[in-house]
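Undergrad: take a look and give me a structure for this.
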Amino acid sequence: MNRRPVRCSILAVGDFPEGSATSQRLYLLAKLLNEGLFDASLWIIHPTSKVPIEENSSVAGECGGVKFIYLSGTTVRPTGVLGALLDTVRGIYRSVRLITNFGKDRPDVLVVITPNFTKFIVPMIAAKLMCIPIIVEVCEIYSKSTDLAGAGVLRRIANSGQSLMERLIPVMSAGLLVISRGIRQYYEKLGLSSKAAYLLPVLVDSERYEKGGLAVVEGLEGVEYLLNSGSFSEKDGLNHIVQAMTSVHEEHPQIKLVFTGEATKSIREKILGSADSKGQEWIIFTGLLSRDALIWCYKNARGLLCCRSNSDYANYGFPTKLAEYLASGRPVVATSVGDVEEYLADEDSAFLAKPENVESIALAIRRLLYDPVHAEKIGQQGAEVARQYFDYRNHVEKVSSFIRRRIGVEGSE
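TA: The predicted structure is shown next:
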């Protein structure tokens, strides 16, 4: 059946084209929708990075066929409270102007990425008033990200706002794109119809991990290392990784532990404090890397570590870096939280460990290092899992049809 293009705006907070896992999901979701005959563009309320990222020098344009605009007018987040507040207000104001504009930029559907109450409620209300259907993409349950025991008044107020937003989502949205089964079940308990949610897992572009000519990272060429990428938050279980590697390092002194991403001085000190007295010799911090440099790090590692903790927040989500690890074809150590065992089997496509269990994580690392040939086979099986379940191309038709059905446009079947 013929389909007409549908104008689609993706409203988010993040960095583009480079940045955290969010930037990659934004890029691949926009590509997915463009290939599904949506005219998709990114509207970024404000960036998250407080330091300039060289590749993010333009506040508007096109990258890899994806149109984007920083609504706040800057690609760097101000460090001061007042500056950050004004940055957010500018982004919200411009999003509302675009939504209420009757010109060519007004979308037929608004896709909102894991909405925060303060930053997204006003544009979502504007879309409802303009009869623009809203599709909400949910990667996290923010209200589960904070332990309220001993939390201050402002933190409790913010968490109440997140809880309110989660209750409003089933009422305000035409449909949800959820990253995990846990999130789908969470919203079904809040009244969402099972037909109104599509399970869209983490996304990768498998072809990008197969190309050569990547940027070599200085200081890592010729080094044997295990790698952890991404954020340095509590949910990532970094202290368990370091403690496990401390015991493994005694048997494999040549193996380094590499952390990529922006780590503050206090975070680096905390990680080094979890290691033995020689931790400074075998733990390496690379800082923030470009996407090509990060992929080079993946593809040249002995193994890749994704050892999330067993928290509600971690169990509801699913780490983007795990899909990226798998796509690289290198063997992965992962903890069995959330949907991990829906996709991966121990000693088949990954080395699985119990979350928050230092001995189990250390054993999984030892198994990876013990037999390199076996580990290579497991890495290749992991790459096949990434191609089958996480490559964005495999979701183009189903996601496009789902959104068209939910917003009621012709040619949805």
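Undergrad: what residue ranges in the protein score low on pLDDT?
TA: For the chain, the stretches with pLDDT under 70 are 1-3, 146-158, 213, 410-413.
Undergrad: go again with 50.
TA: 1, 148-150, 412-413 (pLDDT under 50).
Undergrad: can you pull out the strands in it?
TA: 6-12, 38-44, 60-63, 66-70, 109-113, 134-138, 175-178, 197-199, 225-228, 256-260, 283-287, 303-306, 332-335, 351-353 (DSSP state E).
Undergrad: and the ones you listed: which comes nearest residue 402?
TA: strand 197-199 (4.5 Å; C-beta to C-beta). Just so you know, the C-beta spots here come from the backbone N, C-alpha and C atoms, and that holds for glycine as well.
Undergrad: now what about the closest one, what contacts it?
TA: If you take C-beta atoms under 8 Å, 6 or more residues apart in numbering as the criterion, strand 197-199 is touched by 175-181, 184, 187-188, 398-399, 402.
Undergrad: just stretch 371-391 next, same as before
TA: Stretch 371-391 is contacted from outside by 201-206, 209, 302-303, 323, 325-332, 343-344, 347-351, 368-369, 394, using C-beta under 8 Å, 6+ apart.
Undergrad: grab the nearest non-local neighbour of residue 347.
TA: residue 378 (7.0 Å; C-beta to C-beta, 6 or more residues apart in numbering).
Undergrad: related to what we said a few turns ago, would you format the strands of the chain as CSV with distance to residue 315 included?
TA: Formatted as CSV, the strands of the chain follow (distance: least, C-beta to C-beta, whole Å):
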stretch, distance to residue 315
strand 6-12, 23
strand 38-44, 28
strand 60-63, 33
strand 66-70, 31
strand 109-113, 20
strand 134-138, 14
strand 175-178, 14
strand 197-199, 15
strand 225-228, 19
strand 256-260, 23
strand 283-287, 28
strand 303-306, 14
strand 332-335, 11
strand 351-353, 15
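Undergrad: make a markdown table out of those and add mean neighbour count.
TA: Converted to a markdown table, those look like this (neighbours: other C-beta atoms under 10 Å):
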| stretch | mean neighbour count |
| --- | --- |
| strand 6-12 | 24 |
| strand 38-44 | 23 |
| strand 60-63 | 13 |
| strand 66-70 | 21 |
| strand 109-113 | 25 |
| strand 134-138 | 24 |
| strand 175-178 | 24 |
| strand 197-199 | 20 |
| strand 225-228 | 23 |
| strand 256-260 | 22 |
| strand 283-287 | 16 |
| strand 303-306 | 27 |
| strand 332-335 | 27 |
| strand 351-353 | 24 |
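Undergrad: so which of those is nearest residue 360?
TA: Comparing these by C-beta to C-beta, strand 351-353 comes nearest, at 4.3 Å.
Undergrad: the closest one - contacts with which helices or strands?
TA: strand 332-335, helix 358-370 (3 or more C-beta pairs under 8 Å, 6 or more residues apart in numbering; DSSP states H and E).
Undergrad: check which helices and strands the longest one is in contact with.
TA: If I follow you right, that is helix 358-370. Contacts defined by 3+ C-beta pairs under 8 Å, 6+ apart place helix 358-370 against helix 238-251, strand 303-306, strand 332-335, strand 351-353.
Undergrad: 10 Å instead?
TA: If you count contacts as 3 or more C-beta pairs under 10 Å, 6 or more residues apart in numbering; DSSP states H and E, helix 358-370 packs onto strand 225-228, helix 238-251, strand 303-306, strand 332-335, strand 351-353, helix 372-385.
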